[in-house]
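[1] Sequence and computational prediction follow.
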Amino acid sequence: MSLIQEAPGARLHAKPPAGIKPPASAAQRPALAWAEFDNPAAWAVAVILLIMPLIANGFFLIEIFGTTLILGIIALSLMFLAGYGGMVSLMQLTIAGFAGYMVAVLGMSGSANISLGWPWWLATPVALALATAFGTLGGALAVRTEGIYTIMITLAIGAAFYYFTNQNWAIFNGHTGINTVATPHFWGVDWRSDIPFYYVILGTAALCYFAVLYLSRAPFGLALQGVRDNPRRMAALGFNVNAHRVAAYAFASFVAALAGVLQVWNYRQISPGSVAVERCIDILIIAVVGGITRPVGPFIGAFIFVMLRTFALDFLVHVGLDGNRFRLLIGVGFLVIVFWSSDGVIGLWERWRRRATKPEMRPGGGHGHG
Amino acid sequence: MDSVAQRLSTVGAGAALELRGVTRMFGALAALTDVTITVRPGERRAVLGSNGAGKTTLFNCVTGDFPPSSGTIRFFGEDITHFPPYERIRRGLRRTYQISALFPGLTVQDNVYLACCGVSRGRFSPLRPRPNDALMHSADLLIQAVHLTSVKEQRVAELAHGQQRQLEIALALAGAPRFILFDEPAAGLSPTERRELIEILTSLPSHIGYIIIEHDMDVALRVVESVTMMHNGRIFKEGLPQEIESDPEVQELYLGGGHE
């Protein structure tokens, strides 16, 4: 079910041995974890991402890097909530899917009886606003609880939305979904053609990444970290803890909604399969594998996830196993990473780096938070 | 006790904090029973009593960490009984915690800056502070006031116990406090640190009143002008420090019997 969109594309393009070498950038990606402007590795990754259209063909550009960045943005919204706010939300993909559905319903698509046919410049902002409102409302429900109950409520919202889209034909067109969704076309540019679309995604991802990074040191972000560490004390300092949490959900919802719009433009269709429960869990896996203490983590996690999803299938078939077992690889990878590092790949990377540079100085604990 | 004349007189005197018949039940257990206290603005008072006397419960009721089961609480004349904690804090009430309640992952400066944000309008600001930010400046002054300037860039988890206690006080002094509840600020401090604490408390502006829970009589009696003695969730005695200290019943209960 969850492979509905990727599988055809992945198979079609992956068959010819693509002579591209992503490992060069893959090796440097974790360096972004330091995200300081004086870090040459971060600059190298930025430059590689910017000139990607010169070195990668359409398949890698959109199917690998575009998809990585889109999933990374959704996982980034979860990282913001979980890493800074201590709230694990499983509905981030649902919010993105809601935004995607709204673009398809309000804008133009092949399902003329459903879509209202608004121009993209009207449909997109309204879709973003509606999805943000949807996520904020869900957040307002979730903040009354803590820990596992937050997970349960947000999972319930995700599951409810999935079944609702499946059964509602008036707006969501049931399990068929909405196909051939129109994408923006202006200034003589088809913004869904590979290279312009790649830059749209890259620009949005950069915007979200730096916004989260910036916000983490502003009063709003600092207070959110305070709420994570000690909500009772925050209240005793004059903060309305729940209002702060709801505001965090609003921001994260907007970030997720941006990715949802890109997602529906990417596949030009959306169906209940795009918002299925296992997709929601994929986002959690991406964020945890990458690491939820820094905004770069979700993007690393998304890259690993997309690479595995795209190539594990061929690899498994190659060694004589059932290709559909690629989720097993992801699951094992997830277990290994969670077992060895509570802070995902960036945690592993930092530990390795610390050991490499200062073997005599090794603090015992992890990144005590939560 | 509840006569109109009496109520008018307390309003006239402008009580900083006025508790009337405050009771707090935990299931069938009464942690506080019918507590009535009036504290003038600027008054400094100690609350004494053995463990389980209800001192910290009293603080929790006043700050709203948990509400009283019955009774009313007024803060500068305003009924705050049903206010959430943050509304009380924004009106000038502050507290410190017996067990330091800080943000260990953040630096000293971030901790104090957060406290300053909490009682200002900028608490939701998405903009980072500029170097000349007013809140940042007041945070620096507070850090200086509690002698933590040398460690202000350090994460709180790395601080010594005494420094954490001082930071705990700094958080309570942020903004414009009118009344502070200190919950055993001297717990675990060395004699030198105790002297510093006394100095910090006595140098507070005179309009800031406080209630201090303190087992160390040397500290308590040097920083307060009145004493309330609690026992089993009730007010047992109120008076001047000398009266309380020399009271035979108190000696029996607390200074003699209640001691470890």
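    Happy to help now that I have it. Residues are numbered from 1 along each chain as shown, chains lettered A, B, ... in the order given.

[2] Which residues are in contact with residue A:103?
    A:120, A:123, A:124, A:127, A:181, A:260, A:261, A:264, A:265 (C-beta atoms under 8 Å, 6 or more residues apart in numbering or on different chains). Every residue, glycine included, has its C-beta placed from N, CA and C.

[3] ok, and the most crowded of these?
    When neighbours are taken as other C-beta atoms under 10 Å in any protein chain shown, the top entry among the contacts of residue A:103 is residue A:260 (32 neighbours).

[4] does that one sit in a helix or strand, and which one?
    Assigned by DSSP states H and E, residue A:260 belongs to helix A:241-267.

[5] Same check on residue A:202?
    Using DSSP H and E, residue A:202 maps to helix A:194-215.

[6] returning to what we had before: from the contacts of residue A:103, which two are the most distant?
    Within the contacts of residue A:103, two members stand farthest from each other by C-beta to C-beta: A:120 and A:260, at 14.3 Å.

[7] quick one: low-confidence ranges for chain B?
    B:1-13, B:254-260 (pLDDT under 70).

[8] Quick one: the helices in it, in order.
    Secondary structure of chain B (DSSP state H): helices at B:4-13, B:55-63, B:85-90, B:108-118, B:134-145, B:161-173, B:191-202, B:217-223, B:241-246, B:248-250.

[9] Residue A:106 against residue A:116, yeah?
    Yes. Counting by C-beta atoms under 8 Å, residue A:106 does reach residue A:116; the two are 5.2 Å apart.

[10] Name the residue in those two with the higher neighbour count.
    Counting neighbours by other C-beta under 10 Å for residue A:106 and for residue A:116 shows that residue A:106 has the greater number, 21 against 13.

[11] Just want the residue of chain B that's nearest chain A.
    Using C-beta to the nearest C-beta, the single residue of chain B nearest to chain A is residue B:118, 3.5 Å away.

[12] count of neighbours near that residue?
    26.

[13] ok, back up a step: I'd like the next helix or strand past the helix holding residue A:260.
    helix A:277-290.

[14] May I have the following helix or strand past that following helix as CSV, with CA atoms only?
    Note on helix A:277-290: by DSSP H and E, the next helix or strand toward the C-terminus is helix A:297-318. Taking Å, rounded to 0.1, in the frame of the first residue of the first chain, the C-alpha atoms of helix A:297-318 are listed here in CSV:
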residue,chain,number,x,y,z
GLY,A,297,19.1,15.1,11.8
PRO,A,298,15.7,14.6,10.0
PHE,A,299,17.4,15.3,6.6
ILE,A,300,20.1,12.7,7.3
GLY,A,301,17.4,10.2,8.3
ALA,A,302,15.3,11.0,5.3
PHE,A,303,18.3,10.4,3.0
ILE,A,304,19.1,7.1,4.6
PHE,A,305,15.4,6.1,4.3
VAL,A,306,15.0,7.1,0.7
MET,A,307,18.3,5.4,-0.3
LEU,A,308,17.2,2.2,1.4
ARG,A,309,13.7,2.4,0.0
THR,A,310,15.0,2.9,-3.5
PHE,A,311,17.9,0.6,-3.7
ALA,A,312,17.4,-2.0,-1.0
LEU,A,313,14.7,-3.6,-3.3
ASP,A,314,17.1,-4.1,-6.2
PHE,A,315,19.9,-5.1,-3.8
LEU,A,316,17.7,-7.8,-2.1
VAL,A,317,16.5,-9.1,-5.5
HIS,A,318,20.2,-9.2,-6.6
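
[15] relative to helix A:277-290, how tilted is helix A:297-318?
    With axes from the mean of the first three to the mean of the last three C-alpha atoms, to 10 degrees defining the directions, helix A:297-318 sits at 110 degrees from helix A:277-290.

[16] so helix A:297-318 versus helix A:194-215, what angle?
    Relative orientation of helix A:297-318 versus helix A:194-215 (the same axes, to 10 degrees): 140 degrees.

[17] Does anything pack onto helix A:297-318? Which helices or strands?
    helix A:6-14, helix A:67-79, helix A:277-290, helix A:326-340, helix A:344-357 (3 or more C-beta pairs under 8 Å, 6 or more residues apart in numbering or on different chains; DSSP states H and E).

[18] Repeat the analysis, applying 10 Å as the threshold.
    Judged by 3 or more C-beta pairs under 10 Å, 6 or more residues apart in numbering or on different chains; DSSP states H and E, the packing partners of helix A:297-318 are helix A:6-14, helix A:23-28, helix A:67-79, helix A:194-215, helix A:277-290, helix A:326-340, helix A:344-357.
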